[in-house]
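Participant: 3D, please:
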Amino acid sequence: MSQSKRPLRGNGFTFKRFFIAHDRCAMKVGTDSILLGAWAPVARATRILDIGSGSGLLALMLAQRTASTVAIDAVELDEDAACQAQENVAQSPWAQRIHIHQADILEWAPRQAQRYSLIVSNPPYFTPGPACASSARDMARATHTLNHESLLRCAEILIGEEGFFCLVLPEEEGKQFVSLALARGWHLRFRNDVAENSTRLPHRVLLGFSPAAGELLQERMVIRGPDQRYSPAFCSLTQDFYLFM
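Facilitator: A predicted model of the protein is given here:
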């Protein structure tokens with residue numbers, strides 16, 4: 001059966017090489033995580049960490065993009081999400097090299113002796129405001145339990161000397177995060193500003209930091225072209241994952 005004719009399950013999202021069930025996760029599969037998982041630099045990755053893994057999407061995308069020798073750890077605070085991530089991983093082709101940890105990253109990070117060559121996170125975006133419909137979604141969206149300074153502190157503990165720490169944020173929060181990271185001694189090495197189309201300002205930013213200084217590679221991408229079809233750049237980035245590409 002061709003990929004385009006594959007039966008689609010209703011409780012999640014079907015990718016070309018794996019399925020993500022997300023009905024027990026506060027945050028569902030979305031474009032932000034897909035962009036980050038497809039964009040994060042993996043060429044030199046030997047050990048990868050996903051902070052706030054949710055359904056396990058980023059861990060699975062990075063497993064698909066890397067060699068069989070690359071081990072991936074994924075840390076998720078919410079018990080239901082961590083259980084679902086483990087189920088998603090178990091049904092994937094990469095179950096032997098992805099390890100889900102149900103833990104608070106603030107407590108988990110100081111206990112680790114190993115360092116990572118790539119850390120990724122689709123972190124809580126917003127400072128606490130009006131409550132969401134569920135406490136789990138509120139925790140996933142807002143910085144109640146993991147503010148950005150704490151996230152950076154965990155990454156500092158866990159990153160290798162030449163490693164990269166990559167994340168996706170709304171444009172305004174990204175500007176604030178860059179200032180905070182630079183003040184703590186990080187170097188911005190990758191940046192991709194993402195707009196819905198060429199007539200709109202960027203609404204998301206993909207950021208890559210390193211403890212090591214180096215050249216900044218800066219890009220801008222639109223998701224859709226003038227005809228409202230996905231742009232060539234977006235298709236090129238995500239074509240290994242989306243069924244319809």
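
Participant: show me the strands in this structure, by range?
Facilitator: 12-14, 19-21, 47-51, 71-76, 98-102, 116-121, 159-170, 187-195, 204-210, 217-222 (DSSP state E).

Participant: using CSV, lay out the ones you listed together with distance to residue 108 and mean neighbour count.
Facilitator: Every C-beta, even on glycine, is put in place using the N, C-alpha and C of the backbone. Formatted as CSV, the strands of the chain follow (distance: least, Cβ to Cβ, whole Å; neighbours: other Cβ atoms under 10 Å):
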stretch, distance to residue 108, mean neighbour count
strand 12-14, 26, 19
strand 19-21, 23, 20
strand 47-51, 9, 27
strand 71-76, 6, 24
strand 98-102, 6, 20
strand 116-121, 13, 25
strand 159-170, 15, 21
strand 187-195, 25, 19
strand 204-210, 20, 22
strand 217-222, 31, 14
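
Participant: in stretch 92-112, which residues are buried?
Facilitator: Neighbour-count burial for stretch 92-112, counted by 16 or more other Cβ atoms under 10 Å, picks out 92, 94, 97, 98, 100, 101, 102, 105, 108, 109.

Participant: before we move on, the earlier item: which of the strands of the chain sits closest to residue 179?
Facilitator: strand 187-195 (10.3 Å; Cβ to Cβ).

Participant: looking at the protein, which helix or strand is least sure?
Facilitator: helix 135-141 (a mean of 43; mean pLDDT, DSSP states H and E).

Participant: in CSV: the strands of the chain, plus distance to residue 236 and mean pLDDT.
Facilitator: Listed next are these as CSV, based on distance: least, Cβ to Cβ, whole Å; pLDDT from 0 to 100:
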stretch, distance to residue 236, mean pLDDT
strand 12-14, 20, 94
strand 19-21, 22, 97
strand 47-51, 22, 98
strand 71-76, 24, 98
strand 98-102, 26, 98
strand 116-121, 20, 98
strand 159-170, 18, 97
strand 187-195, 13, 98
strand 204-210, 15, 98
strand 217-222, 10, 98
